[in-house]
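fold the stuff below for me.
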Amino acid sequence: MKICIIGTGYVGLVAGAGLADFGNDVVCYDKDTQKIEFLINGGVPIYEIGLSDIMKRNIVKGRLTFSANLRSAVSESRVIFLAVGTPEGNNGEPDLSDMFEISDSLGKLISEYKVIAIKSTVPVGTHLLVRQRILAKANAPFDVVSNPEFLREGSAVQDFLLPNRIILGVPSTAAAEIMREVYRGLYLNETPMVMTDNITAELIKYSANCFLATKISFINEIARVCDHFGADVVTVAKAIGMDGRIGPKFLHPSPGYGGSCLVKDVAGLISIASKAGLELEIPKAVQKVNNGQRELVITKIKALLGEIRGKRLAVLGLSFKSSTDDIRNSPSLHVVERLLSEGGRVTGYDPASMDNFKKHFPDIEYTKNPYEACRNADIAIFMTEWNEFRELDLMALRKIMRGDALLDPRNIYLPELARKAGFRYAGFGRN
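Numbering: from 1, shown residues only. Below is the predicted model:
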């Protein structure tokens with residue numbers, strides 16, 4: 001199948017490389033000519049485990065190409081995936097300006113039957129708006145399919161190649177058959193395919209992400225209860241996760257969820273429902289709890305240090321989670337801003353995201369390893385659960401620090417081991 005991916009961001013690149021790996025001929029289009037040139041020359045603009053390898057493999061085999069020529073990319077393709085950005089806009093509602101812009105352009109270029117598949121996360125009913133804009137200028141029939149992605153940053157390639165389900169909102173039998181052919185490799189492997197209508201498919205995406213966010217905020221609330229009564233949230237989470245109705249995933253206390261999906265999608269669902277006259281109390285509570293987790297980090301820092309002004313604070317982990325360089329909505333952004341506003345001196349370290357973080361905070365000190373970040377620091381703050389942090393020599397770390405405070409919002413360390421190394425330790429629900 002000849003496929004065009006419009007948008008070479010996180011979703012577009014992973015989807016393009018993955019679909020090429022299924023045996024399709026894929027061209028990835030972007031209006032950013034510099035980015036396309038970078039990709040043509042072998043560059044990979046995002047940090048994602050396995051993405052470089054799968055891209056190189058399919059480029060060599062001639063199944064994955066890149067173009068800044070929309071007309072040729074569309075004319076040569078049967079299926080056109082829309083993977084443009086839909087960032088959070090006013091009042092939490094997704095900004096669909098890029099989606100509408102490309103829809104207007106596509107209308108002028110469709111001269112034979114095409115399937116337009118929406119990969120981007122969009123509000124319920126967006127497929128109708130996209131269809132209307134294309135229809136206003138198209139000279140041939142087409143179908144709009146809703147095919148939301150469920151990729152986790154840090155394991156997106158694996159998620160795409162081995163998904164637990166494919167969601168397809170299809171308006172016709174013809175579109176359904178074409179999409180089955182696109183995902184033929186997964187279909188033969190008996191990956192579940194949920195064929196439904198467009199509106200249901202659009203809502204599945206929001207519902208899934210909001211439920212995951214709910215689990216995160218719930219366990220963060222339980223962690224606060226554990227802090228008060230002296231219980232161990234790790235054991236609580238493990239025990240409740242053994243219940244098959246609940247499951248163990250997304251039950252890890254943290255400084256809050258971040259990234260490009262959960263924050264935006266919770267806000268988006270609240271906004272979409274509100275416009276329809278529906279008030280969603282649970283997502284609102286989830287959002288409130290998540291925002292509070294970032295401030296809880298500051299509260300615990302003050303409990304350990306007394307005050308922040310004049311203190312040297314080592315922030316370890318700048319991305320919103322491990323195995324990615326993505327800092328969008330990262331809790332570390334809020335924490336560093338607050339520390340600086342209260343007169344603290346911040347040193348930062350992250351294995352992958354320091355270049356991105358420097359764009360927001362160019363004047364803090366960045367180091368080549370976690371030990372250098374902690375040298376002469378009053379406190380070590382572990383904001384992201386990178387594996388390399390789990391292997392640190394805590395006794396060696398304590399010796400090079402000026403202070404003896406360790407804040408562990410991800411509960412990476414056993415409290416007794418941290419205290420044995422000479423630290424005053426504080427976790428989230430585990431002390």
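
and stretch 200-207, what's buried?
Taking 16 or more other C-beta atoms under 10 Å as the basis for neighbour counts, the residues of stretch 200-207 that come out buried are 201-206. No exception for glycine: its C-beta is placed from N, CA and C like everyone else's.

same list (those) but as TSV, adding pLDDT.
Listed next are the buried residues of stretch 200-207 as TSV, based on pLDDT from 0 to 100:
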residue	pLDDT
201	97
202	96
203	96
204	97
205	95
206	95
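
nearest to residue 128, of these?
Nearest to residue 128 among those is residue 202, at 10.1 Å by C-beta to C-beta.

count the residues that sit near the closest residue in space to the closest one that isn't next to it in sequence.
The shortest distance from residue 202 to any non-neighbouring residue, by C-beta to C-beta, 6 or more residues apart in numbering, is to residue 124 (4.8 Å). The tally of other residues near residue 124 (other C-beta atoms under 10 Å) stands at 20.

still on that earlier bit, quick one: which two of the buried residues of stretch 200-207 are the most distant?
The span of those, defined through C-beta to C-beta, is set by 201 and 206 at 10.5 Å.

touching, residue 49 and residue 157? I think so.
Yes. Residue 49 sits in contact with residue 157 when judged by C-beta atoms under 8 Å, with a separation of 6.7 Å.

more neighbours, these two?
More neighbours surround residue 157 than the other of residue 49 and residue 157, with 22 against 14 (other C-beta under 10 Å).

determine the three-state secondary structure at residue 351.
Three states are possible here, and by DSSP: H, G, I helix; E, B strand; the rest coil the one that applies to residue 351 is coil.

I figured it hits residue 384, correct?
No. Because the distance of 9.1 Å does not satisfy C-beta under 8 Å, residue 351 is recorded as not touching residue 384.

more neighbours, those two?
Neighbour count, other C-beta under 10 Å: between residue 351 and residue 384, residue 384 has more, with 28 against 19.

quick one: neighbours of the residue lying closest to the more buried one once chain neighbours are set aside, just the number.
Taking C-beta to C-beta, 6+ apart as the measure, residue 384 lies nearest to residue 317, with 2.5 Å between them; neighbours along the chain are not counted. Residue 317 sits with 27 neighbouring residues when counted by other C-beta under 10 Å.

ok, residue 317 - contacts?
Residue 317 makes contacts with 332, 349-350, 382-386, 389, 410, as judged by C-beta atoms under 8 Å, 6 or more residues apart in numbering.

and the residues you listed, which is closest to residue 223?
Using C-beta to C-beta, residue 410 is the member of the contacts of residue 317 that sits closest to residue 223, with 11.0 Å.

show me the contacts for the closest one.
Taking C-beta under 8 Å, 6+ apart as the test, what residue 410 contacts is 252-255, 317, 382-385, 428.

let's see that with 10 Å instead.
252-255, 317, 321-322, 382-386, 389-390, 427-428 (C-beta atoms under 10 Å, 6 or more residues apart in numbering).

nearest spatial neighbour of it, skipping sequence neighbours?
Beyond its immediate neighbours in the sequence, the residue positioned closest to residue 410 (C-beta to C-beta, 6+ apart) is residue 385, lying 4.3 Å away.
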